[in-house]
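[1] Dropping the sequence and predicted coords here.
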Amino acid sequence: MAPYPVNNILFLDIETVPQYDSYQSLPEEWKALWDIKAGYLIRNKEVESVETIYPKAGIYAEFGKIICISCGFIQASGEHKRMVLKSFYGENESIILFEFAEMLRKWSAGEQRFLCAHNGKEFDFPYLCRRMVINNIPIPSLLNSAGKKPWEVNHLDTMELWKFGDFKSYTSLNLLAHTLNIPTPKDDIDGSRVWEVYWKDKDLNRIVTYCQKDVITVTQLLLRLMGEQLVKQENIEIKPG
């Protein structure tokens, strides 16, 4: 695999939830629109309904919102690699996106930079762009792929890199990490429970920790795929939000 300049890569992960705490809380016009969308998603009508699958609304940019963006940067090289983590999170999605966009613009000004996420090309990157449009926030050039030729888009995707040209394969972050013997933290939540932890448990900090750990895993995966030394656990620094 061709090496990438790891010090010029921003590793990221986002966490999303439905915009409302339940199907019953949806305004009538949004309820009607969700009913149409959900109609295409229901596979077993005996056990699923537009109401019971509403927790999945968070994965669709029209019905969901971003509650956390965690970013990671690598400093130095070799066995001296350090990783710095910074998260943007809160109840106000517009503020989260604005602060992230401002950071991205400043970081990418005047130098070739890259973004990296697991399944980022199918989820994280387009979701961020859509929610920025919805929130009336200009999309930073590094994030925006519209109108660019494929070789002009500096987006890396660890799931795509693992495919090696295979279009039919989906490999989760957790599975790939275990396959490549990358240490992964044992958490009590996964992506399917984020909506519940946010809306029912009201525990945003727990979600932020989960998101940061995913960024660490994505970073280590890319390093492993490139045959580079991983970042030692003691060299990972988390900056306060």
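    Received the coordinates, thanks.

[2] rest of the way, CA atoms for contacts and neighbours
    Fine.

[3] And for stretch 7-16, what's in contact with it?
    Contact partners of stretch 7-16, identified using Cα atoms under 8 Å, 6 or more residues apart in numbering, comprise 58-59, 64-76, 112-118, 124, 191, 194-195, 207, 211-212, 214-215, 218-219.

[4] Is it possible to mark the buried ones in the residues you listed?
    Buried subset of the contacts of stretch 7-16 (neighbour count, 16 or more other Cα atoms under 10 Å): 58-59, 64-75, 113-118, 124, 194-195, 207, 211-212, 214-215, 218-219.

[5] Of the contacts of stretch 7-16, which belong to strands?
    64-75, 114-117 (DSSP state E).

[6] Quick one: the helices in the protein, in order.
    Here the chain has its helices, by DSSP state H, at 28-41, 93-108, 124-134, 158-163, 173-179, 194-199, 204-225.

[7] Listing request: residues of the chain with sub-threshold pLDDT.
    1-2, 185-187, 241 (pLDDT under 70).

[8] please redo it, this time with the cut-off set to 90
    1-4, 39-48, 76-80, 110-111, 146-147, 150-151, 165-170, 183-193, 239-241 (pLDDT under 90).

[9] As a quick check, tell me the outermost residue of it.
    Most distant residue from the mean C-alpha position of the chain: residue 46, 32.6 Å away (Cα atoms, centre = their mean).

[10] For that one, grab phi and psi.
    When read as degrees, to the nearest 10, the backbone of residue 46 gives phi -80, psi -30.

[11] Relative to residue 52, how far out is it?
    Between residue 46 and residue 52 the distance is 11 Å, computed by Cα to Cα, to the nearest Å.

[12] Likewise for residue 237?
    Between residue 237 and residue 52 the computed distance is 40 Å (Cα to Cα).

[13] got a list of what the closest residue in space to residue 129 that isn't next to it in sequence touches?
    The shortest distance from residue 129 to any non-neighbouring residue, by Cα to Cα, 6 or more residues apart in numbering, is to residue 139 (6.3 Å). By Cα under 8 Å, 6+ apart, the contact list for residue 139 reads 101, 129, 132-133.

[14] ChimeraX command to pick out the buried ones of those residues?
    Isolation of the buried members of these (16+ other Cα under 10 Å) is achieved in ChimeraX through the command below:
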select :101,129,132
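
[15] got the contact list for residue 69?
    12-15, 87-89, 96, 100, 211.

[16] Just the closest of these to residue 150, please.
    Relative to residue 150, the closest of the contacts of residue 69 is residue 12; by Cα to Cα it sits at 20.5 Å.

[17] Show me what that closest one is bridged to.
    Beta-bridge pairing of residue 12 under DSSP bridges involves residue 71.

[18] How many neighbouring residues does it have?
    Here the number of neighbours of residue 12 (other Cα atoms under 10 Å) works out to 27.

[19] which of the residues in stretch 23-41 are buried?
    23, 31, 34-35, 38.

[20] Turn these into JSON lines, including distance to residue 149.
    Listed next are the buried residues of stretch 23-41 as JSON lines, based on distance: Cα to Cα, whole Å:
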{"residue": "23", "distance to residue 149": "40"}
{"residue": "31", "distance to residue 149": "38"}
{"residue": "34", "distance to residue 149": "34"}
{"residue": "35", "distance to residue 149": "37"}
{"residue": "38", "distance to residue 149": "34"}
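
[21] got the helices of the chain as a markdown table, with distance to residue 82 columns?
    Shown next, in a markdown table, are the helices of the chain (distance: least, Cα to Cα, whole Å):
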| stretch | distance to residue 82 |
| --- | --- |
| helix 28-41 | 43 |
| helix 93-108 | 18 |
| helix 124-134 | 24 |
| helix 158-163 | 20 |
| helix 173-179 | 20 |
| helix 194-199 | 29 |
| helix 204-225 | 11 |
